[in-house]
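1. I'd like to go over a predicted model; first the sequence, then the structure.
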Amino acid sequence: MHLKDLTHPNQLHDLSIQELQQIASQIRQKHLETVAASGGHLGPGLGVVELTVALYQTLDLERDKVIWDVGHQAYPHKLITGRYNSFHTLRQRNGVAGYLKRCESKFDHFGAGHASTSISAALGMAIARDLKGEKFKVVAVIGDGALTGGMALEAINHAGHLPNTNLLVVLNDNEMSISPNVGALSRYLNKLRLNPSVQFLSDNLKEQFKHLPIVGDSLSPELGRLKEGMKRLAVTKEGAMFEELGFTYIGPVDGHNLEELIAAFEQAHQITGAVLVHVATVKGKGYELAEKDQVGYHAQTAFNLTTGKAIPSSKPKPPAYTKVFAHTLVKLAEQNPKIIGITAAMSTGTGLDKLHEKLPNQYIDVGIAEQHGVTLAAGLACEGMRPVVTIYSTFLQRAYDQIIHDVCIQNLPVFFCLDRAGIVGADGPTHQGMYDIAYLRCIPNIVLMAPKDEAELQRMLVTGIEYTKGAIAMRYPRGSGYGVSLMEEGWEPLPIGKGEILRSGDDVLIVGYGSMVHPAMQAALLLSEYGIQATVVNARFVKPLDTELIVPLAQQIGRVFTLEEGCVIGGFGSAVAEALQEHGVLVSVTPIGVPDKLIDHATPEESKADIGLTSVQIAEQIRQAVTLPVKKFSQVY
């Protein structure tokens, strides 16, 4: 059987080990070819090919449920659940999603893009199954990086307390999340991996049995089970943590040996209660470059499969916001030993790996534990340090109570830097940074700001570090800046709560925030072709809002448009409207931003066009609002 003929995972049931190995090889090749052509997650999926094939060989996927944690390692799952022929559309608009989505396939039993959710969801399904008197297996596949998340440990604690609820947890242990794992739990798993008794039994027990005259070259099923039982006895001491938590522990199992994997899963299915199968895998398995550089090949843009090098852009791009942020933070930290950069397992994504390289004592990676990271920062702030909590907008949502309870109620000077704010593209709705303006704006004792370009980001970084009256947050987008001139030192902080006028006009007032200031200027230029003259304000701050600047302008001009790359409900436009109402200025306010809908995977440009956030669309919406004659714009921005 060829992979392209595999339309249902149950077709794996009748295949021999040799045929399963061929399917695994074809999965790996299709995975590599697709990601090389269009980009996507590479290392995670390559590492779980055999795990996926072996697990699905032991399940009935018409009935049984498999929940993949995060989902970026589930490309092999997609390839054997009927999406081979459409896999070339991976992460493209209207194509196959990069993560699991319940609406995409009946085999995507639970969607996720954030880590550590799988065991909780699987346990919920298992409890529902038992309450309804049904019979099917429920499996959660979780990586050792995601196991550092508190939610996963909470779920393990609960599952181990239910001895009659059958649940299988497969721990995919590759010693990595996106970057190398940190913490005591990671050390514990390494201890399990490297247990000499386990290594001896795994590598040599079968060979020893061969020397018995009644055995020869083949192990009977009974002796095979004896071998597995002896392995379990060997790890009783090392696997005590999972056993004490109420799980039956099996492993470590070679994650690239189909025979061992199938035997372990079949054994696990026969055990009542919660079972954890510990599978040792290699991230990037089968592609030498990815095996050697597991961080760099976690995810890739389009690249040359032979050389492994990224395919260069057709035109050079200005430096990315993240790169400018990292470079500037390192410079500031070199001058101020109280600055401590904090990341939640995203050192490369946030640029804090540069801080780690230069100033390792001023860098902390808490693992996939955003809640802990925020409260850790609060503790650092209590002792006079300057914590810079650098977390993607979408992931900071996970620490919302800590922001309120541990930082803002106590009015502690913690600096939050929200990377990937706004529309992020191919990762889809789980990763869009849409909500931080709304979810932070309502909290007392916090300042919120966003730069119009990369040079202003440098000044805001200084502003945030020097602000000590309470919490402060800065959001900035994914991708490249505008190529404006940057400084290497001497950055001046911005006055808190003060915006600036970039252009003057009498017909409309456009107030832009952060990444939407540049489109506001472009829209104003387009509007001038109609004789519509716009005043453009770079708000800089949404909290406190510069009412001294905005209120008189709104009263004078009478028609206000706000631009933001975030949800309109409760966002920047709402803040402007509330401020004008509070000051008794009753004028038309039209907020332009992300409507009340989820933004699916596509390029950022495609997503912005879909929701009316291109400069031309903004200008047209404003033009229609002032009801002037129709005319096509001469330029497209």
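-> Here it is on my side, so go on. Numbers count the residues shown, from 1 in each chain.

2. quick one: pLDDT of Ala302?
-> Note on Ala302: pLDDT of 85.

3. Around it, count how many other residues there are.
-> The number of residues packed near Ala302 is 14, by other CB atoms under 10 Å. C-betas here are computed from N, CA, C, even on glycine.

4. what's the nearest residue to Gly425 if we skip its chain neighbours?
-> Once flanking residues are discounted, Gly425 sits nearest to Pro604: 4.7 Å by CB to CB, 6 or more residues apart in numbering.

5. Could you verify my assumption that that neighbour touches Arg420?
-> No. Under the criterion of CB atoms under 8 Å, Pro604 makes no contact with Arg420, lying 10.9 Å away.

6. Which neighbours do those two have in common?
-> Taking CB atoms under 8 Å, 6 or more residues apart in numbering as the contact rule, Pro604 and Arg420 both touch Arg478.

7. between the two, which one's more packed in?
-> Between Pro604 and Arg420, counted using other CB under 10 Å, the more crowded position is Arg420 (27 against 19).

8. these two touch, right, that one and Ile391?
-> No. Between Arg420 and Ile391 there is no contact under CB under 8 Å: 9.3 Å.

9. Now do the buried residues in stretch 318-325.
-> 318, 320-322, 324-325 (16 or more other CB atoms under 10 Å).

10. Ok, stretch 360-367 next?
-> Within stretch 360-367, the residues that qualify as buried are 362-367, counting by 16+ other CB under 10 Å.

11. Can you add pLDDT, secondary structure and distance to Lys469 and give the residues you listed back as TSV?
-> Formatted as TSV, these follow (pLDDT from 0 to 100; DSSP: H, G, I helix; E, B strand; the rest coil; distance: CB to CB, whole Å):
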residue	pLDDT	secondary structure	distance to Lys469
Gln362	98	helix	23
Tyr363	98	strand	26
Ile364	97	strand	24
Asp365	95	strand	28
Val366	93	coil	26
Gly367	90	coil	31
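
12. which of the buried residues of stretch 318-325 sit farthest apart?
-> Maximum pairwise distance among these (CB to CB): 13.7 Å, between Pro318 and Phe325.

13. now for the longest strand along the chain, which elements pack on it?
-> For the chain, the strand with the greatest residue count under DSSP state E is strand 559-567. Contact partners of strand 559-567 among helices and strands, from 3 or more CB pairs under 8 Å, 6 or more residues apart in numbering; DSSP states H and E: helix 436-441, strand 508-512, helix 517-528, helix 572-582, strand 588-594, helix 615-625.

14. okay if I get these as a markdown table plus mean pLDDT?
-> Compiled in a markdown table, the helices and strands packed on strand 559-567 are given as follows (pLDDT from 0 to 100):
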| stretch | mean pLDDT |
| --- | --- |
| helix 436-441 | 98 |
| strand 508-512 | 98 |
| helix 517-528 | 97 |
| helix 572-582 | 97 |
| strand 588-594 | 96 |
| helix 615-625 | 95 |
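
15. Name the stretch among the ones you listed that sits most buried.
-> Ranked by mean neighbour count, those are led by strand 508-512 with a mean of 28 (mean count of other CB atoms under 10 Å).

16. Please list all residues in contact with Val324.
-> 454, 457-458, 481, 486.

17. try Thr350
-> 322, 325-326, 343, 390-392, 417, 419.

18. where does this protein dip in pLDDT?
-> Residue ranges of the chain with pLDDT under 70: 176-239, 627-637.

19. Grab the CA positions of the longest helix belonging to it and hand them over as PDB.
-> Longest helix of the chain, by residue count under DSSP state H: helix 17-38. Provided in PDB are the C-alpha atoms of helix 17-38 (Å, rounded to 0.1, in the frame of the first residue of the first chain):
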ATOM      1  CA  ILE A  17       5.700  -4.400  10.200                       C
ATOM      2  CA  GLN A  18       7.600  -4.100   6.900                       C
ATOM      3  CA  GLU A  19       4.600  -2.400   5.200                       C
ATOM      4  CA  LEU A  20       4.200  -0.100   8.200                       C
ATOM      5  CA  GLN A  21       7.800   0.900   7.900                       C
ATOM      6  CA  GLN A  22       7.200   1.800   4.200                       C
ATOM      7  CA  ILE A  23       4.300   3.900   5.100                       C
ATOM      8  CA  ALA A  24       6.400   5.700   7.800                       C
ATOM      9  CA  SER A  25       9.100   6.400   5.200                       C
ATOM     10  CA  GLN A  26       6.600   7.800   2.800                       C
ATOM     11  CA  ILE A  27       5.100  10.000   5.500                       C
ATOM     12  CA  ARG A  28       8.500  11.400   6.300                       C
ATOM     13  CA  GLN A  29       9.200  12.100   2.700                       C
ATOM     14  CA  LYS A  30       5.900  13.800   2.000                       C
ATOM     15  CA  HIS A  31       6.300  15.800   5.200                       C
ATOM     16  CA  LEU A  32       9.700  17.000   4.200                       C
ATOM     17  CA  GLU A  33       8.700  17.900   0.600                       C
ATOM     18  CA  THR A  34       5.700  19.800   1.700                       C
ATOM     19  CA  VAL A  35       7.400  21.900   4.400                       C
ATOM     20  CA  ALA A  36      10.300  22.600   2.100                       C
ATOM     21  CA  ALA A  37       8.000  23.900  -0.500                       C
ATOM     22  CA  SER A  38       5.700  26.200   1.600                       C
END
